[in-house]
Every structure is written in C-alpha cells, then in structure tokens.
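Peer 1: Just the structure for this:
(one chain, ligands or ions: 2)
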Amino acid sequence: MRLSRYFLPVLKENPAEAQIVSHRYMLRAGMIKQQAAGIYSWLPLGFKVLRRIEQIVHEEQTRAGHIPLLMPTLQPADLWRESGRYDDYGQEMLRIKDRQDREMLYGPTNEEMITDIFRAHVNSYKDLPLTLYHIQWKFRDEMRPRFGVMRGREFLMKDGYNFDVDREAALHSYNRHMVSYLRTYERMGLTAIPMRADSGPIGGDDTHEFLVLASTGESEVFFDSAVTELRLGNRDVDYDNREAVAAVCKEFTTLYARTDETHDAALFDAIPEERRKVARGIEVGQIFYFGTKYSASMGAEVVTKEGTKVPVEMGSHGIGVSRLLGAIIEASHDDKGIIWPEGVTPFHAGIVNLKQGDAAADAACAGLEAALIKAGLDPLYDDRDERAGAKFATMDLIGLPWRITVGPRGLEKGIVELTSRRTGVSEEMTPEAAVAKLITIYEGHK
Ligand code: ATP
Ligand code: MG
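Peer 2: Ligands and ions are numbered 1, 2, ... in the order given. Prediction:
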C-alpha cells in the first residue's frame with residue numbers, strides 16, 4: 001500500500017476524551033472513530049488489525065478441532081424466555097420490537113441460540129464431541145462504556161460452545177479451550193494468565209479468565225510472579241489426547257493466580273514474599289464449564305451408548321476480539337506510539353523514502369515494495385512528499401515493527417537501513433538483505 005493513496009487520518013493533537021494510552025493511540029493513529037457512546041467505526045488501519053486478530057483466532061480454533069458457523073446479531077426474545085434469562089439479563093440487554101410488534105434483542109451472547117441449533121439437529125452421542133463457534137458482534141448496554149474499544153457497547157467476540165456426552169468429555173473440551181487460548185494470545189505477543197474466576201450469572205462449576213497485566217486494567221489480580229514466566233511456545237499439543245491437554249492446563253493453573261472475586265488471602269500468603277504480586281489486569285477471555293444449565297431447560301438431549309436420554313453437557317468460551325486491540329496496545333507501546341507485535345501488525349514493514357522525487361530513491365523504494373509483496377508480505381510505503389521527521393513520526397505512531405529507510409546517500413553505497421520499532425536499533429544492509437531478513441522474521445509468525 002502507498003500511503004499517498006491510503007486512508008490514514010492521523011491526529012496531531014491528543015484527543016481530550018481518551019483517558020488511557022490505547023484509546024489515545026487508536027484515535028491518533030486513525031484506527032477508529034466513535035459514532036455513539038461505546039460504538040465505533042473501524043477505519044482501515046484498525047480494521048486491518050481486527051482482521052489479523054480474527055485470523056489468529058480462527059487458525060487456533062481450527063487447530064483445536066472447533067467448527068466455525070455464523071449466528072445473527074438479532075435474536076427472538078422467546079428463545080431467552082426458555083432459559084429464563086430474558087427477565088434476568090436486565091438493562092444491559094438491548095431490546096427491540098419489529099414492525100409486527102415481535103420482541104427481539106441484540107445478542108449479548110449466544111448460549112440460547114446455539115442450544116436451539118443443537119437440539120434441532122443432534123440427538124445421539126455418535127455426533128459428539130462437537131464444538132461450534134463464531135466471531136460476531138455483540139451488544140451490551142454497558143453502564144459505563146469507556147476506554148475506547150476496551151469497554152464498548154457494540155463489540156466483537158469469539159464465542160464457542162462445546163457439546164459433550166458426559167462430564168469427563170466436557171472437561172476435556174474445557175481444557176482444550178484453555179490450551180487453544182494460551183496459544184492464541186501468545187501468537188498475538190501477549191502474556192495472558194489464566195486465573196480462577198467466579199462463575200457469576202452464567203452459572204457453573206469451572207471457569208477461568210485470561211488476564212493481560214496492565215496498570216489500566218479494570219480487574220485487581222493476585223498472583224505468583226513465576227506464572228508470568230510460563231510459555232506454551234511451539235509445542236505440538238495433540239488436542240485429542242486428554243492427558244496431554246490436561247497436563248498443559250495443570251502446568252498453567254497450578255501456581256497461584258486469581259482475580260479479586262476468588263482471591264484467597266491464606267493461599268496467597270503461602271507464596272514466598274518476593275513472588276507475591278498484586279496488580280491490575282485486562283480480561284481478554286473467559287472459559288466456562290456449566291454442564292446442563294441450558295440443555296436441561298431447553299430440552300437439548302442426546303441418546304447415550306446405553307440407550308438413555310440425557311441433557312447434553314455444555315460449556316461456553318469467549319475471546320474479546322475487539323478488546324484485544326486495546327489490550328495489545330496497553331501492553332506494547334512507548335511515548336511515540338504503538339509497537340505492534342509481529343503477529344498482529346497491520347502492515348509487516350514501513351518503507352520510508354527520505355527524498356521523494358529522487359530517481360534512485362523512488363526506484364529503490366518501489367523495488368523493495370514489489371519484493372516484499374512477492375514474498376507474501378504487506379508493506380506500507382510512505383511515498384508522500386513530506387519531511388523525513390514527519391514520516392518517521394507517523395511510522396512510530398502507527399507502530400509497524402520494522403521500518404526500511406531509503407535515501408540517496410545510502411543508495412550510493414548500495415545500502416538501506418532496517419530499524420526495529422521495539423529496540424530502535426538500525427542496521428545498514430543491501431535492500432535484498434533487508435527483504436531476506438523480514439521474510440525470516442515473519443516465517444516465525446505463521
Ligand atoms: P467484563 O467483566 O469485562 O464486563 P464479561 O465477563 O462480562 O466481561 P464475557 O461474557 O466473559 O464478558 O465475554 C467474553 C469476553 O468478551 C470478555 O473476556 C472480554 O474480553 C470481552 N468483552 C466483554 N464485555 C466487553 C465489552 N463491553 N467491550 C469489549 N469487550 C468485551
Ligand atoms: Mg468474563
């Protein structure tokens with residue numbers, strides 16, 4: 001993409017309404033525009049990151065054997081009357097009437113609808129296990145929408161639902177979700193710690209929230225600092241192997257890590273003092289095992305191997321897709337702007353032409369752009385007729401992890417400069433070497 005033809009409405013001034021750094025940078029970098037309280041348009045740069053995050057979520061759900069579908073945003077109220085939640089949900093639910101005076105709602109989540117799909121089509125243990133998920137807009141009429149996309153009213157969520165014949169199989173599904181989530185967040189450059197949480201209004205037995213540590217987080221968290229050192233890395237976990245999956249979950253949930261809702265002072269005090277940490281965190285996901293709560297009330301039954309009919313065992317598992325943009329920026333920025341992790345960056349590299357209009361510089365930039373595209377990478381070439389300082393400031397603000405700087409003086413020696421946004425370190429090399437290095441870097445993020 002050439003910046004001169006792109007739509008990147010960068011703001012020079014700090015927007016007064018933004019209280020936290022991620023919101024400020026998302027507005028300044030031209031990623032979002034507020035349309036109403038907690039409701040945003042996703043401008044091209046923001047939309048690109050949103051799509052990259054969705055892509056990672058899809059890839060990791062597929063790897064775990066989970067199946068995508070798409071349910072609508074609008075739902076009939078009657079479905080929610082079956083589970084009893086239509087009256088329980090309260091003012092967070094946006095209720096709408098259509099022209100026939102039928103009661104509808106903008107879905108805040110989809111347990112009822114997925115249970116309805118299941119009961120219409122599945123009735124035997126032979127069709128289990130089954131996990132269906134979608135990535136779809138939700139609406140919750142939050143009392144205090146704030147912090148940009150972090151607490152929106154309309155927001156994008158991945159929500160997945162497992163159906164299993166018995167408790168043991170359902171716990172395996174729960175564990176499989178935990179491992180797939182660990183992988184998902186790591187690919188986004190995040191450390192998201194699974195913490196024992198409270199089951200709240202959805203109800204149920206087992207639940208963990210995934211928290212990214214950040215001073216602006218809304219949750220108070222208590223943990224053993226050793227938990228922040230754990231990494232899944234490139235381990236090849238066999239998602240069908242119950243013991244292997246459970247072993248990973250054990251590794252990640254044995255050290256103390258809890259939110260204030262489940263905090264236990266006695267257990268916390270047993271941690272060696274230097275490892276005892278109290279901090280704040282952003283909830284980027286949550287997994288739930290709730291058994292037959294919805295299947296029993298809505299009549300979603302399966303026939304077991306023994307021939308008896310039982311309500312299907314279920315759980316639901318969510319990732320805050322749009323909130324993740326805010327969480328990633330909170331975890332990765334400096335005073336000049338965003339620093340995107342390679343896994344989610346909107347463009348893989350920026351190309352800065354120090355002297356637009358200089359024949360050699362223009363040709364070298366176009367050559368670099370073409371070579372990167374040919375290698376399957378997505379560069380952003382700043383071809384505007386601007387001062388070098390202004391070009392650097394824009395690149396720093398929008399946070400591309402790598403920048404290639406091209407100028408007539410370097411080209412006389414046959415070199416360009418490759419700079420890491422994270423470390424600020426620049427290296428001189430030939431344009432070919434810069435392309436080769438970027439290809440190697442992004443190979444590691446597929
Ligand atoms: P919170 O406690 O932050 O209100 P929640 O526990 O009600 O969230 P869940 O029902 O667990 O939310 O939804 C799954 C995920 O969706 C959450 O972990 C969070 O990342 C995201 N999410 C929830 N509410 C919002 C919101 N208002 N704006 C953006 N993302 C949200
Ligand atoms: Mg939650």
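Peer 1: Can you say which helix or strand has the single nearest residue of the stretch 51-200 of the chain relative to ligand 1 in it?
Peer 2: Nearest residue of the stretch 51-200 of the chain to ligand 1 (C-beta to the nearest ligand atom) works out as Phe155 at 3.6 Å. Where C-beta positions appear, they are placed from N, C-alpha and C, glycine not excepted. Assigned by DSSP states H and E, Phe155 belongs to strand 154-164.
Peer 1: got it, and Val278?
Peer 2: Counting by DSSP H and E, Val278 is found in strand 276-291.
Peer 1: residues in contact with the closest residue to Tyr125 other than its chain neighbours?
Peer 2: Leaving aside its sequence neighbours, Tyr125 sits nearest to Val165 (C-beta to C-beta, 6 or more residues apart in numbering; 4.5 Å). Shown in contact with Val165 (C-beta atoms under 8 Å, 6 or more residues apart in numbering): 125, 128-129, 302, 304, 310, 312-313.
Peer 1: okay, those in JSON lines with distance to Thr423 next?
Peer 2: As requested, those are exported to JSON lines (distance: C-beta to C-beta, whole Å):
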{"residue": "Tyr125", "distance to Thr423": "54"}
{"residue": "Leu128", "distance to Thr423": "49"}
{"residue": "Pro129", "distance to Thr423": "45"}
{"residue": "Val302", "distance to Thr423": "55"}
{"residue": "Thr304", "distance to Thr423": "58"}
{"residue": "Val310", "distance to Thr423": "57"}
{"residue": "Val312", "distance to Thr423": "51"}
{"residue": "Glu313", "distance to Thr423": "49"}
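Peer 1: which of those tops the neighbour count?
Peer 2: Among the contacts of Val165, Val312 has the most neighbours (other C-beta atoms under 10 Å), with 27 neighbours.
Peer 1: Taking the contacts of Val165 together, which two end up most distant?
Peer 2: Pairwise distances across the contacts of Val165 (C-beta to C-beta) peak at 14.5 Å, for the pair Pro129 and Val310.
Peer 1: Contacts for whichever strand or helix holds Ile193, please.
Peer 2: Taking DSSP H and E as the definition, one finds Ile193 inside strand 192-196. Outside strand 192-196, the residues that touch it by C-beta under 8 Å, 6+ apart are 178, 181-182, 185, 207-213, 221, 223, 227-228, 252-253, 257-259, 262, 281, 284-285.
Peer 1: likewise stretch 79-89?
Peer 2: Stretch 79-89 is contacted from outside by 77, 93, 105, 108, 111-113, 115-116, 201, 293-294, 297-298, using C-beta under 8 Å, 6+ apart.
Peer 1: can you pick the most crowded of those residues?
Peer 2: Neighbour counts for the contacts of stretch 79-89 (other C-beta under 10 Å) peak at Tyr294, which has 27 neighbours.
Peer 1: which residues does it contact?
Peer 2: Going by C-beta under 8 Å, 6+ apart, Tyr294 touches 83, 111-112, 115, 300, 314.
Peer 1: and of these, the nearest to Ala169?
Peer 2: Distances from Ala169 to the contacts of Tyr294, taken as C-beta to C-beta, are shortest for Met314 (11.1 Å).
Peer 1: Let's verify that closest one: helix, strand, or coil?
Peer 2: Following DSSP: H, G, I helix; E, B strand; the rest coil, we place Met314 in the strand state.
Peer 1: can you list the domains in the protein?
Peer 2: Here the domain assignment for the chain is 3-338, 349-443, based on automatic domain parsing.
Peer 1: what about the longest one, start to end distance?
Peer 2: Which is domain 3-338. This stretch, domain 3-338, spans 18 Å end to end (C-alpha to C-alpha, to the nearest Å).
Peer 1: same thing with the last one?
Peer 2: Domain 349-443 has an end-to-end distance of 14 Å (C-alpha to C-alpha).
Peer 1: what about the closest residue to Val278 other than its chain neighbours, neighbour count?
Peer 2: Nearest-residue entry for Val278: Phe222, 5.6 Å, with adjacent residues in sequence omitted and distances by C-beta to C-beta, 6+ apart. When neighbours are defined as other C-beta under 10 Å, Phe222 has 21 of them.
Peer 1: ok, now which ones touch Glu369?
Peer 2: Shown in contact with Glu369 (C-beta under 8 Å, 6+ apart): 2, 351, 379, 381.
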